[in-house]
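> Mind folding the following:
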Amino acid sequence: MIFGNPNPLPQNADNQWRQQIDRFVRDYQKEIAALSWGLHLEEDTADQTLGIDLEPTPHFVCCSREAIDRLNRNLDGQLREFIGVLDGHKPEIEVLLIGIAKGQIKAIQYKATPSPPECFAEVGETVDTLLDRLEEKMKEVIDICGN
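Numbers count the residues shown, from 1 in each chain. Next comes the predicted model:
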């Protein structure tokens with residue numbers, strides 16, 4: 001399940017960051033869909049996947065397909081399933097993110113309602129404004145150090 005588990009694991013540092021990203025994405029689905037679509041429209045980021053890197057502080061990154069393929073090779077194909085999701089990704093109807101923390105990754109995918117292009121139009125902000133605003137919110141709600 002993307003946004004929760006009916007039988008949550010005990011809260012610990014390795015699991016906590018995943019739950020915090022899930023909560024952040026759930027709370028800001030529309031804005032993240034708008035950001036994802038806005039980045040998709042930009043020529044230099046159109047073939048990249050949006051990521052949330054939590055270290056040293058929460059911020060967005062763009063992960064190129066080449067970098068993801070290289071990581072998959074370095075991990076002896078352990079990202080095959082994610083590569084399949086990436087290959088089937090439809091940016092006009094769904095959002096795909098990579099969460100990165102503590103040397104681990106987490107895939108987050110959801111169908112945006114309304115669609116990402118509609119979210120972008122409704123939010124009515126530039127990509128840079130959305131990035132800044134969402135990164136500030138991330139810093140407020142995600143604390144991987146447990147402070």
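> Roughly how far does Ala67 sit from Leu97?
Relative to Leu97, Ala67 is positioned 15 Å away (Cβ to Cβ, to the nearest Å). The C-beta positions use only the backbone N, C-alpha and C, and glycine is treated the same way.
> In terms of packing, which of these two has more residues around it?
The residue with more neighbours, out of Ala67 and Leu97 and counting by other Cβ atoms under 10 Å, is Leu97; that gives 21 against 14.
> Can you give me the buried ones in the one helix or strand Phe82 maps to?
Applying DSSP states H and E as the criterion places Phe82 in helix 80-88. By neighbour count, and taking 16 or more other Cβ atoms under 10 Å as the criterion, the buried residues in helix 80-88 are 82, 86.
> Against which helices or strands is it packed?
If contacts are counted by 3 or more Cβ pairs under 8 Å, 6 or more residues apart in numbering; DSSP states H and E, helix 80-88 sits against helix 65-74, strand 94-101, strand 104-111.
> redo that, cut-off 10 Å
Judged by 3 or more Cβ pairs under 10 Å, 6 or more residues apart in numbering; DSSP states H and E, helix 80-88 is in contact with strand 48-53, helix 65-74, strand 94-101, strand 104-111.
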